[in-house]
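Asker: Sequence and predicted structure below; questions after.
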Amino acid sequence: MDLLTIRAALVIAVALVLVGLGSVGLAPRAQASAVPAGSFKSLSGGSSLTCGLKTDDAIACWSPDGVFSTGVPAGTFKSVSAGPSHNCALRTDDVIVCWGNNDYGENSVPPGIFKSVSAGGGHTCALTTVDTVACWGNNEYRQTSPPTGTFKSVSAGFIHTCAIRTDDAIACWGDNFLNAATPPAGTFKSLSAARDWNCAIRTDDALVCWGAIDFGLGKVPGGTFKSVSTNRYGACAIRTDDAIACWGAIDFQTPGSQPTPPTGTFKSVSVAEDHICALRTDDALVCWDRNAFGQA
């Protein structure tokens, strides 16, 4: 049996186990603590953790088990990116700082200043001030070996990476399991890379996803959108009317069902592996699913 067949079988097995868990009727856990107080500018969901950039430019992170939510650096920042096991942020002086797991050197930031940063699974990529992409960490699948050229943004997946070029085309590199690193043609304005799949917003505001889009991940909603956030099991996007649409293989609270977002209008959304958080248009923070673990 070849490697691709083995990996595909594992994906199917995991999905069947998750659905099976839903059928045994797991009892809901008790309500736990609320998300951090205050207002936020942006959010980033990792594995079981979410980090947010507050309106005072400080960073706050919260997690069901506390893993990687500690050690958050002090200071002021422009952006934050939460990965599966490490996190990175861009300081207001444009220097990157990372914390959490460092088994592959994913926290060993090269010297210099940057425009943005994205924490992946064992690797990190950033946009330099001359619009090239720099990556470091695990390079087993060449996920830290970006192509030449200039870019507008970059998104690090688990073992692959994608970026939007300055001509608005998408380039991907690294592991190409189930075509995760084979992007569609066309022009795009935003992008989110997950474990083995990705989604992007076209310049006409249409949403497209590719890669491992079985088990509900390929049930992309119709309409027009402003932004999208993906993670291992699901995705959410902000529609052009500021409502949230979510889809995926499982609901994080009730396996086997679709994630159900709250009503209202929102400016951003970020999907972690077991919860989702979003910023309302009045800058209020709301989280849902697995609220017993303290994200909501």
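Answerer: Arrived safely, thanks for sending.

Asker: Tell me which helix or strand comes right after the lowest-mean-pLDDT helix or strand in the chain.
Answerer: None of the helices or strands of the chain scores lower by mean pLDDT, DSSP states H and E than helix 3-23, at a mean of 41. Downstream of helix 3-23, the first helix or strand assigned by DSSP states H and E is strand 40-45.

Asker: Direction included, what does that following strand pair up with?
Answerer: strand 50-54 (antiparallel) (DSSP bridges).

Asker: Show me the contact partners of the strand it pairs with.
Answerer: Strand 50-54 is contacted from outside by 35-36, 38-44, 59-63, 72, 77-82, 87, 89, 270, 272, 275, 277, 285, 287, 295, using C-beta atoms under 8 Å, 6 or more residues apart in numbering. (Each C-beta comes from the backbone N, C-alpha and C, glycine too.)

Asker: What of stretch 131-148?
Answerer: 104-106, 108-110, 112, 114-115, 120-128, 149-152, 154, 156-157, 159-161, 163, 166, 171, 173-175.

Asker: Got a quick ChimeraX command for the buried subset of the residues you listed?
Answerer: To isolate the buried ones among the contacts of stretch 131-148 in ChimeraX, judged by 16 or more other C-beta atoms under 10 Å, type:
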select :104,106,109,114,115,120,121,122,123,124,125,126,127,128,151,152,154,156,157,159,160,161,163,171,173,174,175
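
Asker: Tell me which of the contacts of stretch 131-148 fall in helices.
Answerer: Among the contacts of stretch 131-148, none falls in helices (DSSP state H).

Asker: on that earlier part again, buried among the contacts of strand 50-54? Need that as a selection in PyMOL.
Answerer: Restricted to buried positions by 16+ other C-beta under 10 Å, the PyMOL selection for those reads:
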select buried, resi 35+40+41+42+43+44+59+60+61+62+63+72+77+78+79+80+81+82+87+89+270+272+275+277+285+287+295
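
Asker: so what's residue 165 bridging to?
Answerer: residue 151.

Asker: can you list the weak-confidence ranges in the stretch 151-296 of the chain?
Answerer: Regions of the stretch 151-296 of the chain meeting the criterion pLDDT under 70 cover residues 215, 249-259, 290-296.

Asker: Please enumerate the strands of it.
Answerer: Counting by DSSP state E, counting those that start in this stretch, the segments of the stretch 151-296 of the chain that form strands are 151-156, 160-165, 170-174, 188-193, 197-202, 207-211, 225-230, 234-239, 244-248, 266-271, 276-280, 285-288.

Asker: could I get the first one in CSV with only the CA atoms?
Answerer: This points to strand 151-156. In CSV, the C-alpha atoms belonging to strand 151-156 read as follows (Å, rounded to 0.1, in the frame of the first residue of the first chain):
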residue,chain,number,x,y,z
PHE,A,151,3.4,38.7,-2.7
LYS,A,152,0.6,40.5,-0.9
SER,A,153,-0.1,37.9,1.8
VAL,A,154,0.9,34.4,3.0
SER,A,155,-1.0,31.7,4.9
ALA,A,156,0.9,28.7,6.4
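
Asker: helices and strands around that strand, which ones?
Answerer: Using 3 or more C-beta pairs under 8 Å, 6 or more residues apart in numbering; DSSP states H and E, the elements in contact with strand 151-156 are strand 114-119, strand 123-128, strand 133-137, strand 160-165, strand 188-193.
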